[in-house]
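>>> Predicted model follows, preceded by the sequence.
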Amino acid sequence: MKSRYFMIAIVAFGYAFLYVPVMLLVIYSFNESRLVTVWGGFSTRWYGSLFSNDSLLSAAWLSLRIAMVNATFAVMLGTLAAWSLTRFRRFRGRTSFEMLLTAPLVMPDVIIGLSLLLLFVSMEQLIGWPQGRGFATISIAHITFSLAYATVVIRGRMGQLEPSLEEAAMDLGARPLIVFLKITLPLLAPALISAWLLSFTLSLDDLVIASFVSGPGATTLPMWIYSSVRLGVSPEVNALATLMLLFVLVIVLVSGWILKRD
Amino acid sequence: MITRLMALLPTRLSQSWGKRLGVGLPYLWLAIFFLLPFLIVLKISLSEPVLGQPPYLPLTSWPDETTLQFRLILNNYALVTEDPLYLDAFLNSLKIALASTVMCLLLGYPMAYTIATATDRWRHILLMMIILPFWTSFLIRVYAWIGILKPQGILNDLLLSLGLIAKPLAILHTPVAVYIGIVYSYLPFMVLPLYANLARLDRTLLEAAADLGARPMKAFLRITLPLSMPGIIAGSMLVFIPAVGEFVIPDLLGGPDSLMVGKLMWTEFFSNKDWPLASALALVMLIVLVVPFVALQRLHQRYEDHEL
């Protein structure tokens, strides 16, 4: 019986550990005082000052555009990858294909960032593309690691699908592409949506890789946050963090609702 | 329209076409943007740093019309393997990552076990609460700790007002803060694979053990723990490998004595503009990480095969 209480205590501690820091951040974002940890009364002034900060707004807009392009491409490529891994049991290079799809999940960001930057610099020298770095290079970098996450999500769902539906359609004379478009894709829809949203938030969260492959003039939202955080804790960042948490919470609730409805 | 066009193609042809496209496109993407870059990192790590744009010399040059000259510089590797600064950073990163992985396991295992054995209703809530941090910004969650751990921070205020300490503790910019940051950030990566594994555990085995007189502790050590090895391996891999190369946590929470290799690489690249040295560091880090990655993946595969 004693060990049971001990267990509950550890689990409670684990959850508190995960959630208390973020809750404190939200609470202090409503702090009137500029001294972040001294409570000076309730205020929403830091939220107001966020929306008059032009460099922040343009960074947020750039990040949102990259995140959307990234999520769309990552889901398209991830669907193809998951589909071929589930439907074709054997093909040449399957092992190396799986390795390539797993490695970005664990590869440290600094290595991915540096190697992609060096690739872009060499490509510019050799073929003249990409000229300069910014939106395009960050998007390509993000697609590369999001693709691995999207594949995991989509593959999980694809493994659960009954192949008999596809086989029935084939037996009735449907071509493989038609089967894919009319049977497989609609059944996959919930997984595609969660993969899209996950890729979207991964991109919105990345600091290290974007810092390497970005050029002058292209500052993403995490890069903006990082440069203000380096100067110390600021109430504006607390307010921004709260808004981002709210945004993500809405995304998670919506995707949860979509998955449940299915 | 597409239907009609497709109907004109023989089935076999369109199937192999679909297969080629399905494998080929993502494969090509990863080959160009994931695999190829490592060859370029290798190339740059062998070149000589210069001031300029880009800040390295080409490996090949044409001193006159008929000779092609190759210059491979191994200095960068000599520096990385001999200078105690780099060696210390590597050892320190491995030590911090290993200790954090063990702490994640000690904290994460009871959590995963509780989720796996909870009633349906509770399981959904507890699981959702593990997944939610995945979606929230990593940078912001690390940042939250600065306000808590700094000398006039929330933790010190609390301890001072309770009279537990006489003067503020220095936690921020110490290795302790780095450990806290890594365990906090990577805990969900440990809990999820463990949960996925423990949820599949055949509970009748435990009942059988109890019927045969095994105490709960013994049943856990002899049945649950060995069967959950694939989950432990997968979770440890997801924590250990990225933690070695971590940059944000040692940079924001660590101090000068918690130097990690990811941060060192960032400094060589952005502050010292030494691209060849940063490349050499990246490759050495990659080699150091590939060994546990392949070993753990093999081990994982063996357990999975064994289970089937």
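Arrived safely, thanks for sending.
>>> For A:Thr102, which non-adjacent residue is closest in space?
Leaving out its chain neighbours, the residue that sits closest to A:Thr102 by Cβ to Cβ, 6 or more residues apart in numbering or on different chains is A:Ala148, at 7.0 Å. For glycine as for every other residue, the C-beta is placed from the backbone atoms N, C-alpha and C.
>>> Spell out which residues sit in contact with that neighbour, please.
A:78, A:101-105 (Cβ atoms under 8 Å, 6 or more residues apart in numbering or on different chains).
>>> Could you do A:Ala174 as well?
A:182-183 are the contacts of A:Ala174 under Cβ under 8 Å, 6+ apart.
>>> sec struct for A:Trp39, please.
With DSSP: H, G, I helix; E, B strand; the rest coil as the basis, the three-state label of A:Trp39 is coil.
>>> is it true that it touches A:Pro235?
No. Applying Cβ atoms under 8 Å as the test, A:Trp39 and A:Pro235 come out as separate, 11.9 Å apart.
>>> who touches both of these two?
Common contact partners of A:Trp39 and A:Pro235 (Cβ under 8 Å, 6+ apart): A:31, A:33.
>>> any idea whether the residue nearest to A:Thr102 is helix, strand or coil?
Quick answer, by three-state DSSP: A:Ala148 is helix.
>>> Of all residues in chain B, which one is closest to chain A?
B:Gly245 (2.3 Å; Cβ to the nearest Cβ).
>>> follow-up on the earlier one: A:Trp39 and A:Pro235: who's more crowded?
It is A:Pro235, of A:Trp39 and A:Pro235, that has more neighbours when counted by other Cβ atoms under 10 Å in any protein chain shown, with 23 against 14.
>>> Which helix or strand contains the nearest residue to that one once chain neighbours are set aside?
The shortest distance from A:Pro235 to any non-neighbouring residue, by Cβ to Cβ, 6+ apart, is to A:Trp46 (4.4 Å). Following DSSP states H and E, one finds A:Trp46 within helix A:45-50.
>>> Distance from that helix to the middle of the chain?
Helix A:45-50 sits 26 Å away from the centroid of its parent chain (Cα atoms, centre = their mean, to the nearest Å).
>>> After it, which helix or strand is next?
Later in the chain than helix A:45-50, the nearest helix or strand by DSSP H and E is helix A:54-87.
>>> average model confidence for the strand or helix carrying A:Ser96?
Per DSSP H and E: A:Ser96 is located in helix A:94-106. Computed over helix A:94-106, the mean pLDDT rounds to 87.
>>> Then stretch B:235-243?
Stretch B:235-243 shows a mean pLDDT of 92.
>>> Can you name the residues in contact with it?
The contact list for stretch B:235-243 (Cβ under 8 Å, 6+ apart) reads A:105-109, B:96-98, B:100-101, B:104-105, B:108, B:182, B:186, B:189-194, B:289, B:292-293, B:296-297, B:300.
>>> make it 6 Å
A:106, A:108, B:97, B:100-101, B:104, B:182, B:186, B:189-190, B:193-194, B:289, B:296 (Cβ atoms under 6 Å, 6 or more residues apart in numbering or on different chains).
>>> And stretch A:64-77, by the same measure?
A:138-139, A:142-143, A:146-147, A:150, A:192, A:195-196, A:199-200, A:203-204, B:26, B:29.
>>> out of the residues you listed, who has the most neighbours?
Busiest of the contacts of stretch A:64-77 [other Cβ under 10 Å] is A:Ala150, holding 32 neighbours.
>>> give me the element B:Leu51 is part of.
Assigned by DSSP H and E, B:Leu51 belongs to no helix or strand.
>>> one step back: tell me the buried residues in the helix holding A:Trp46?
Residues A:46-47, A:50 are the ones in helix A:45-50 that count as buried (16 or more other Cβ atoms under 10 Å in any protein chain shown).
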